[in-house]
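S.K.: what follows is a predicted structure for the sequence shown.
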Amino acid sequence: MAKKVTASDKKHITGGETEGGITSSYATKDGVTLKVPYSFFGSIYDEAEEKAVLAAMKQDTLTMGPKTAEFQKKFAAMCGCKHAYAVSNCTTGMHLCSQLFDIREGDEVIVTPNTFVATSLVILKQGARPVYADIDPRTFNMDPKCIAKLVTKKTKAIFCVHYAGLMCDMDPILDIAKKHGLLVLEDCAHAHNAEYKGRKAGTVSDVGVFSFHSLKNMTTCGEGGMITTNHDKFVKGIEMLRCMNLTHWDPAQTTWTFGDTSVEKKGKADYWLPSHFDVEDYNGHWGNNYRMNEIQAAVGCCQVDKIEMLTARRREIGHMLNEGLKGIKGITPALEPDGYKHVYHLYTVCVEEEKLGASRDEFMRVLYCQEGVQGILHYQPTYHFKALQKMGYPQDLCPNAEKFFYRREINLPMHPRLTTQDVETMIQAIRNAAKTVRR
């Protein structure tokens, strides 16, 4: 079970080798003593999760069993949607939806550059081309005006990412999609329980996909994901593509012939005849093993039970930071516009170097080395990665996203186990660091 961080935890981040690298730890070996380290665990576990795991381990079925069904039902109720399907992680869920949308070679999908590479990776895996829309410099989400300019005859879909837990401005995006006959996916990896004009993340568009990675607002043992939809037409495709195109034999079929042997159905067929399952492609796409196991699902059920508490604590911390950082020249707190419910998966503070009189990196060094607060950066524009540069993407596609990552943003430690003292420490540290670099 993850260790709970208290106000007295003033520890060295000594690090250690991890197989996942940056996907499994932000620890370093530089010897800096931290007052508020960046945690890689974004939720709270207690005896409920411990008991649920032990109970699930005693089941006869350890994958896609009764706990998975329960988790799906509870998650759908939480979101207020008709259908929810558990998957192995958010990336596999989005890949499944790329197949569900019949995205193929030659298609284009409009997406933000301000996201983890997974959002583009699932498009590339289908042979399609990500087309990057610049971000709004205040919300850090895709700007609908930029999206509208990028639609071509090749555009198949729009993949929206609700960065940091603040939902995109979905109404104009949906208007664009309707006008051009495009499908819309919500990448809700940051947005559990977030709302836009009274509508929950994952329910506004064609499909939503959630992450339960270690960092997220709720987590299922480090990995896991969920697909949500209100559209019955997607149910068969999701079920088939999640589990290797498996289907049941057609019950209307009465005779099966194998070589010289024929089996005729009389009344209810024996369960083993003609076989336990059939396999059929879905719209020309072959399925995957993207199932969730029962231990993850059991933990997920407990996390859904806690989601209101977890969300309320994140929002309380976010609002404390918003208030405490007001009025610091050159420092811009996070934004929560009217009509939105921000769930603060990340708390992003921006350094405006022209007003501060120092660069973001100068400020960040002082905040880390002298004040003991570990900030991190999310996300380098996807098209700047070596693999996409090889594909011919230009360097200067999205000026707002580039300035955001390279010159403005810092993500502060944010998780529901932070104490009021931790928050006050961060606020004072930012005030001190701003004063130091301004000198």
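M.R.: Great, that's in hand.
S.K.: SS state for the residue nearest the centre of the chain?
M.R.: The centroid of the chain falls nearest to Ala189 when counting by Cα atoms, centre = their mean (1.4 Å). What DSSP: H, G, I helix; E, B strand; the rest coil gives for Ala189 is coil.
S.K.: check contacts around it.
M.R.: Shown in contact with Ala189 (Cβ atoms under 8 Å, 6 or more residues apart in numbering): Cys90, Phe116, Val161, Val209, Phe210, Ser211, His213, Lys216, His345. Any C-beta I mention is one placed from the backbone N, CA and C, and that applies to glycine too.
S.K.: apart from its neighbours in sequence, what residue is nearest the first one?
M.R.: The spatial neighbour of Cys90 that comes closest, neighbours along the chain excluded (Cβ to Cβ, 6 or more residues apart in numbering), is Ser211 at 3.4 Å.
S.K.: repeat for the second one
M.R.: Using Cβ to Cβ, 6+ apart and skipping the chain neighbours, the partner closest in space to Phe116 is Tyr379 (6.1 Å).
S.K.: so the one you found touches Asn114, yeah?
M.R.: Yes - checked against Cβ atoms under 8 Å, the pair Tyr379 and Asn114 is within contact range at 5.4 Å.
S.K.: joint contacts of the two?
M.R.: When contacts are counted by Cβ under 8 Å, 6+ apart, Tyr379 and Asn114 are jointly contacted by Phe405.
S.K.: neighbour count for those two, which is higher?
M.R.: When Tyr379 and Asn114 are compared for neighbours, Asn114 comes out ahead with 28 against 20, by other Cβ atoms under 10 Å.
S.K.: Provide the secondary structure category for the more buried one.
M.R.: Using three-state DSSP, the secondary structure recorded for Asn114 is coil.
S.K.: confirm Ser98 sits in a helix?
M.R.: Yes - for Ser98, which was evaluated using three-state DSSP, the result is membership in a helix.
S.K.: confidence score at it?
M.R.: As predicted, Ser98 sits at a pLDDT of 98.
S.K.: does it touch Ser120 like I think?
M.R.: No - taking contact to mean Cβ under 8 Å, the distance of 10.8 Å between Ser98 and Ser120 leaves them out of contact.
S.K.: gap between Gly181 and Lys156?
M.R.: Noted for Gly181: a distance of 9 Å to Lys156, by Cβ to Cβ, to the nearest Å.
S.K.: so those two - more neighbours on which side?
M.R.: Under the criterion of other Cβ under 10 Å, the comparison of Gly181 against Lys156 puts Lys156 first, with 21 against 8.
S.K.: the more buried one belongs to a strand?
M.R.: Yes - under three-state DSSP, Lys156 sits within a strand.
S.K.: before we move on, the earlier item: mind checking the SS state of the residue nearest to Phe116?
M.R.: Assigned with three-state DSSP, Tyr379 falls in the coil class.
S.K.: state the distance from it to His190.
M.R.: Using Cβ to Cβ, one gets 11 Å for the distance from Tyr379 to His190.
S.K.: need the longest helix for the protein.
M.R.: Among all segments of the chain classified by DSSP state H, the helix with the greatest residue count is helix 294-324.
S.K.: burial of the nearest residue to Tyr383 once chain neighbours are set aside, as a residue count?
M.R.: Nearest-residue entry for Tyr383: Tyr393, 3.9 Å, with adjacent residues in sequence omitted and distances by Cβ to Cβ, 6+ apart. Tyr393: 19 surrounding residues under other Cβ under 10 Å.
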